[in-house]
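>>> starting from these lines, generate the structure:
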Amino acid sequence: MSNTNWTKEQTAAIMNRNTNLLLSAAAGSGKTAVLVQRILTLITDTTQPIDITDLLVLTFTKAAATEMRTRITSELLRLLENAEQEKNTLQAAHINRQLALIESAHISTINAFCQSLIKQYFYRIVNETVNILCKRSNGNHCESHDECKRKRKELTGFHFFSS
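You can find the predicted model right below:
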């Protein structure tokens, strides 16, 4: 993949550091290839390498997310082979780490990412929603902790335990 002749704009997207990136282009224009190369460049940087789990990569389709993960894995395997042939043990160890982390990397559709946030932080969402509902029904927040717990149970059907 590193032998690709990138356009000036693609090279800028690949090499730009310390900033978020939103890539928008027509179908078949190489968006996935550019993103894969950007990710590989970031996670294999010899001066400041990062872990793939430090990135958030969002796509519109499951197929695109799967394709991206597959391409990254294939390229990492190729880079690992090169590092081992060159006896670069530090680079090989870092690439092995990335291969171990790839399945837990945040490469998904926007919907899947939002769903994972809701699953992970549902208790905060429910607590805030209940507080809003309590405020609307009372005109103010619940007067006591016990009253809040009772209202939460009444509104949601669940007991909530919080510190």
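>>> going forward, measure contacts and count neighbours with C-alpha atoms only.
Noted.
>>> distance between the helix or strand harbouring residue 93 and the chain's centre?
Assigning secondary structure by DSSP states H and E places residue 93 in helix 89-101. Taking C-alpha atoms, centre = their mean, to the nearest Å, one finds helix 89-101 lying 19 Å from the centre of the chain it belongs to.
>>> using CSV, write down the CA coordinates of that helix.
Extracted C-alpha coordinates of helix 89-101, given in CSV (Å, rounded to 0.1, in the frame of the first residue of the first chain):
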residue,chain,number,x,y,z
THR,A,89,12.4,-6.2,17.4
LEU,A,90,11.0,-2.9,18.8
GLN,A,91,8.9,-2.3,15.7
ALA,A,92,7.9,-6.0,15.5
ALA,A,93,6.7,-5.8,19.2
HIS,A,94,4.7,-2.7,18.6
ILE,A,95,3.1,-4.1,15.4
ASN,A,96,2.3,-7.3,17.3
ARG,A,97,0.6,-5.2,20.0
GLN,A,98,-1.5,-3.4,17.3
LEU,A,99,-2.5,-6.8,15.9
ALA,A,100,-3.6,-7.9,19.4
LEU,A,101,-5.6,-4.7,19.8
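>>> ok, residue 53 touching residue 100?
No - with contact defined as C-alpha atoms under 8 Å, residue 53 does not reach residue 100; the gap is 10.4 Å.
>>> which one of those two has more residues nearby?
Neighbour count, other C-alpha atoms under 10 Å: between residue 53 and residue 100, residue 53 has more, with 16 against 13.
>>> need the contact list for the closest residue to that one other than its chain neighbours.
Excluding its sequence neighbours, the residue lying closest to residue 53 (C-alpha to C-alpha, 6 or more residues apart in numbering) is residue 105, at 4.5 Å. Going by C-alpha atoms under 8 Å, 6 or more residues apart in numbering, residue 105 touches 52-56.
>>> what's the helix holding residue 93 packed up against?
Contacts defined by 3 or more C-alpha pairs under 8 Å, 6 or more residues apart in numbering; DSSP states H and E place helix 89-101 against helix 62-85.
>>> how far away is residue 21 from residue 55?
The gap separating residue 21 from residue 55 is 11 Å, by C-alpha to C-alpha, to the nearest Å.
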